[in-house]
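Enquirer: my questions are about this predicted structure, shown below with the sequence.
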Amino acid sequence: MIRAQKSWAEESAMNRGDVLRAAADLLNKYREEIAHVESTDSGKPILEARWDVQTAIDALKYCGGTSPALLAGETISGDGWKGSSHRIPCGIVAGIGAWKSVEINLQIKKDTKINLQI
């Protein structure tokens with residue numbers, strides 16, 4: 001896992017966004033199979049499992065589109081000074097939540113979490 005995180009951190013923000021959007025495309029391609037597995041595994045109704053898969057797709061597309069901007073950092077300057085921020089990714093986790101708990105956690109940088117819940 002540490003090796004995977006290191007190689008993930010070395011990728012550009014644009015490439016990381018591409019990976020997230022590709023993951024969304026894969027979920028979309030196999031959405032029905034994933035929903036059936038989730039429904040069978042958790043016992044939730046198929047409609048709810050389909051909703052969970054769509055929520056994961058939407059979150060991955062959103063984060064894949066915004067991560068380059070979020071991770072780019074910024075530089076600001078004033079009279080005689082210049083400051084910059086650098087965001088260092090520590091990894092990312094996305095998942096389809098359990099029964100009545102649709103939750104997708106996206107760890108974008110250390111100690112910062114975007115938590116999308118429905």
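Expert: That came in fine, so what should we check first?
Enquirer: show me the strands in the protein, by range?
Expert: Ranges of strands in the chain, per DSSP state E, are 74-78, 81-85, 103-109, 112-117.
Enquirer: the inter-axis angle of the first one versus strand 81-85?
Expert: The directions of strand 74-78 and strand 81-85 differ by 160 degrees, with axes from the mean of the first three to the mean of the last three Cα atoms, to 10 degrees as the criterion.
Enquirer: which other helices and strands contact strand 74-78?
Expert: strand 81-85 (3 or more Cβ pairs under 8 Å, 6 or more residues apart in numbering; DSSP states H and E). Just so you know, the C-beta spots here come from the backbone N, C-alpha and C atoms, and that holds for glycine as well.
Enquirer: for Ser77, name its beta-bridge partners.
Expert: Legend: beta-bridge partners of Ser77 under DSSP bridges are Lys82.
Enquirer: state the number of residues packed around it.
Expert: 9 (other Cβ atoms under 10 Å).
Enquirer: hang on, isn't it packed against Gly83?
Expert: Yes - Ser77 sits in contact with Gly83 when judged by Cβ atoms under 8 Å, with a separation of 7.2 Å.
Enquirer: poorly predicted segments of this protein, please.
Expert: Residue ranges of the chain with pLDDT under 70: 1-2, 70-72, 87-118.
Enquirer: go again using 50 as the cut-off
Expert: 99-118 (pLDDT under 50).
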